[in-house]
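*Asks:* Show me the folded form of this:
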Amino acid sequence: MMLELSRIDCLGDALRDAMLTYKSRIALYEADRNRENARFSYQELLREAERVTTRLQEAGVEAGDRVAILMSNQARWVMSSHGVLYAGGVIVPLDYKLTSKEQLALIAHAQPKVLITEYGIWRSLVAQNPKALDGILVMVTEAKPGANLEQATRWEAPAHGQFRHVSRKREDIATIVYSSGTGGTPKGCMLTHDNYLEQGQGLGRLYSMELDDVYFSVLPTNHAIDFVVGTILPFFFGAAVAHQRTLRPEYLADTMKRYRVTHTALVPRILKNLRTRMEEQIEQKPDWQRTALHALTTLNDAATMRAPKPWLSRALLKPIHDRFGGRLRLIFAGGAFVDPEIANYFYRLGIPVVIGYGLTETCAVLTLNDLKPFRPDTCGTPVPGVELEIRNADESGVGEVWVRGRTVFAGYLNNPEATREALVDGWFRTGDLGSVDVSGHLKLVGRSKNMIVTDGGKNIYPEDIEAVFESVPCEELCVFAERYVWKKRELRDEGLCVVLRLKPDVSLEETLAAVQTANRKLADFKRVSSYAVVSAEFPRTASMKVKRIELAESVQAALTSPTPLPQT
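*Replies:* Numbers count the residues shown, from 1 in each chain. Have a look, this model is predicted:
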């Protein structure tokens with residue numbers, strides 16, 4: 001099916017048109033472990049979204065006002081986001097996996113007029129700071145009858161006013177998406193309606209969907225990839241979206257089988273978990289079955305060398321494909337480094353992993369593999385409308401990746417300095433290092449900015465960790481991404497290092513013990529894994545900010561590598 005969005009002005013118009021076009025078809029499935037919670041047609045999705053719109057308008061939400069959404073993956077997330085867009089509002093998607101303190105920091109920065117969240121999350125926010133949500137209308141879902149809502153209102157409450165659809169212009173802001181944590185300065189990426197419509201147009205032409213396709217929404221919906229592919233793109237084609245409210249591998253496979261999923265987007269960590277579970281199950285088979293599977297996998301690999309052949313793969317490896325519903329056509333993978341070995345493992349089984357590359361600042365996807373042929377060693381070629389250059393390349397062709405196009409964001413909310421650093425003459429500096437081969441495929445090899453990306457697709461800016469380390473007894477400390485200081489041409493096993501200047505009266509052992517104590521207050525993926533000790537004072541600006549680049553260079557010159565933190 002060909003997607004044509006050039007005549008559409010905003011996301012709200014495009015989505016509402018789709019709801020009316022496909023009104024009798026199923027739009028949403030919601031599963032929880034082994035059971036189905038609900039399913040909704042396009043017409044029912046439209047009705048609920050219009051009710052949300054009217055509720056927001058009754059609360060005084062006007063075009064351009066911000067509405068934060070803080071929920072786990074579920075149908076109400078989609079209904080709420082569509083309702084905000086119909087009202088002409090700006091969606092602020094927030095990560096439900098952050099701590100309450102982190103979530104409140106983002107809410108304070110975004111200053112939404114309305115917060116839509118789950119009852120349990122709201123109670124945690126109020127417990128963290130009873131006054132933090134003053135002045136914000138809170139709409140909560142899933143509150144039990146008789147629950148004390150105080151100043152909040154039930155999301156499910158009926159609307160009493162008249163629905164009004166508010167259109168926006170392409171250059172207007174559609175979302176503010178946060179790409180980092182909250183210990184430092186939050187970075188809210190302002191993305192326009194044009195960004196999303198152009199992204200949808202490009203992705204839709206590369207990988208179109210059919211009426212009976214089902215996209216499985218696994219990543220948190222606030223994630224840039226899932227927001228595009230889980231709340232927008234499938235509806236343009238009349239396809240359905242299935243949500244699963246647990247990420248345990250056994251339930252993922254069950255949901256994929258139940259709804260006969262055709263597309264999904266996963267981060268490398270989930271791919272690894274799926275492969276591990278599959279290998280464990282295969283290992284339990286008799287020797288003759290394992291031998292037969294190996295032979296059929298080899299045959300499929302040879303037959304699909306030039307391009308995928310789904311019909312053949314499903315015939316040769318039917319038991320494998322049946323575990324996923326028998327229709328799984330594509331797994332989109334990105335958000336972090338994808339191990340070519342894992343991608344190749346799935347491709348040999350006839351389940352193509354489409355590796356892409358993008359950032360929150362670029363809406364979602366900049367480059368994407370077209371599987372003609374399958375290339376697990378690259379991030380693919382630029383999607384339509386994206387220009388990509390390698391700047392300041394060395395003798396091997398590796399340099400910083402710069403991009404421009406209509407999917408590049410409008411800037412960071414209330415942060416003109418960071419915007420000026422990121423956007424230069426219409427080009428976005430990604431901070432990633434890579435090269436482009438003779439066929440135009442991008443290969444990433446490292447990062448030039450002080451940041452890491454976990455295999456769960458989360459961005460971690462080291463500045464966010466330092467606030468937790470304030471109690472460490474030392475003269476000064478600064479946290480770096482290890483590969484920012486000690487340059488390496490690879491993206492595996494990224495880690496964080498704390499650089500310390502010790503106090504004369506505090507031993508290294510005492511200082512490291514305090515580091516370990518502070519470390520335990522952080523989520524696993526945010527913890528520092530190594531340290532380095534320096535004797536000289538940290539270089540600072542006139543306003544006493546640490547000159548991070550200069551400090552990193554001095555540490556690199558003095559030490560060949562960081563020291564792993566002692567295990568406790």
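
*Asks:* Tell me the spacing between L125 and L56.
*Replies:* L125 sits 20 Å away from L56 when distances are taken as C-beta to C-beta, to the nearest Å. Bear in mind the C-beta positions are built from the backbone N, C-alpha and C, glycine included.

*Asks:* likewise H193?
*Replies:* Taken as C-beta to C-beta, the span from H193 to L56 is 18 Å.

*Asks:* Just to check, F480 is in contact with P462?
*Replies:* Yes - if you go by C-beta atoms under 8 Å, F480 and P462 touch, sitting 5.6 Å apart.

*Asks:* Which one's more surrounded, these two?
*Replies:* F480 (28 against 25; other C-beta atoms under 10 Å).

*Asks:* which SS class is the more buried one?
*Replies:* Here F480 is strand, with the state taken from DSSP: H, G, I helix; E, B strand; the rest coil.

*Asks:* Quickly list what it is bridged to.
*Replies:* C497 (DSSP bridges).

*Asks:* ok, now I69?
*Replies:* P93, I116.

*Asks:* What is the burial count for A532?
*Replies:* Neighbour tally, A532, other C-beta under 10 Å: 20.

*Asks:* can you tell me how far it sits from L442?
*Replies:* A532 is 32 Å from L442, by C-beta to C-beta.

*Asks:* avg pLDDT for the strand or helix carrying G230?
*Replies:* Assessed by DSSP states H and E, G230 sits inside helix 224-231. On average, the pLDDT along helix 224-231 is 90.

*Asks:* likewise stretch 134-147?
*Replies:* pLDDT averaged over stretch 134-147 gives 94.

*Asks:* can you list the residues that contact that stretch?
*Replies:* Residues from elsewhere that reach stretch 134-147 (C-beta atoms under 8 Å, 6 or more residues apart in numbering): 55, 59, 71, 76, 107, 112-120, 122, 149, 151-156.

*Asks:* Kindly report the domain assignment for the chain.
*Replies:* For the chain, automatic domain parsing gives the domain ranges 11-264, 267-447, 462-564.

*Asks:* Which of those domains sits closest to V453?
*Replies:* domain 267-447 (4.6 Å; C-beta to C-beta).

*Asks:* for the stretch 51-200 of the chain, what spans make up the helices?
*Replies:* Ranges of helices within the stretch 51-200 of the chain are 75-86, 100-110, 119-128, 193-206, based on DSSP state H, counting those that start in this stretch.

*Asks:* Let me know the pLDDT of D437.
*Replies:* For D437, the model assigns a pLDDT of 94.

*Asks:* which residues touch it?
*Replies:* D437 touches 378, 443, counting by C-beta under 8 Å, 6+ apart.

*Asks:* Look up phi and psi at it.
*Replies:* D437 adopts backbone torsions of phi -80, psi -180, taken as degrees, to the nearest 10.

*Asks:* ok, it to A343 distance?
*Replies:* D437 is 17 Å from A343, by C-beta to C-beta.

*Asks:* Please apply the same query to Y178.
*Replies:* Applying C-beta to C-beta to Y178 and A343 gives a distance of 28 Å.

*Asks:* same deal with Y42?
*Replies:* 34 Å.

*Asks:* the more surrounded of the two?
*Replies:* A343 (24 against 21).

*Asks:* where does that one land on pLDDT?
*Replies:* 92.

*Asks:* tell me what the host helix or strand of E279 is packed against?
*Replies:* Assigned by DSSP H and E, E279 belongs to helix 268-283. Secondary-structure packing of helix 268-283 (3 or more C-beta pairs under 8 Å, 6 or more residues apart in numbering; DSSP states H and E): helix 249-259, helix 287-303, strand 330-333, helix 340-348.

*Asks:* just those: most buried one?
*Replies:* Per-stretch averages of neighbours, counted by mean count of other C-beta atoms under 10 Å, single out strand 330-333 among the helices and strands packed on helix 268-283, with a mean of 24.

*Asks:* Partner strands of it, with direction?
*Replies:* Assessed with DSSP bridges, strand 330-333 is paired to strand 263-266 (parallel), strand 353-357 (parallel).

*Asks:* Which of these sits closest to E198?
*Replies:* strand 353-357 (15.6 Å).

*Asks:* Report the angle between that closest one and helix 224-231.
*Replies:* Relative orientation of strand 353-357 and helix 224-231, computed by axes from the mean of the first three to the mean of the last three C-alpha atoms, to 10 degrees: 120 degrees.

*Asks:* In terms of secondary structure, what does whatever helix or strand comes next after strand 353-357 contact?
*Replies:* As assigned by DSSP H and E, the chain's next helix or strand after strand 353-357 is strand 367-368. Applying 3+ C-beta pairs under 8 Å, 6+ apart, one finds that strand 367-368 contacts strand 353-357, strand 381-382.
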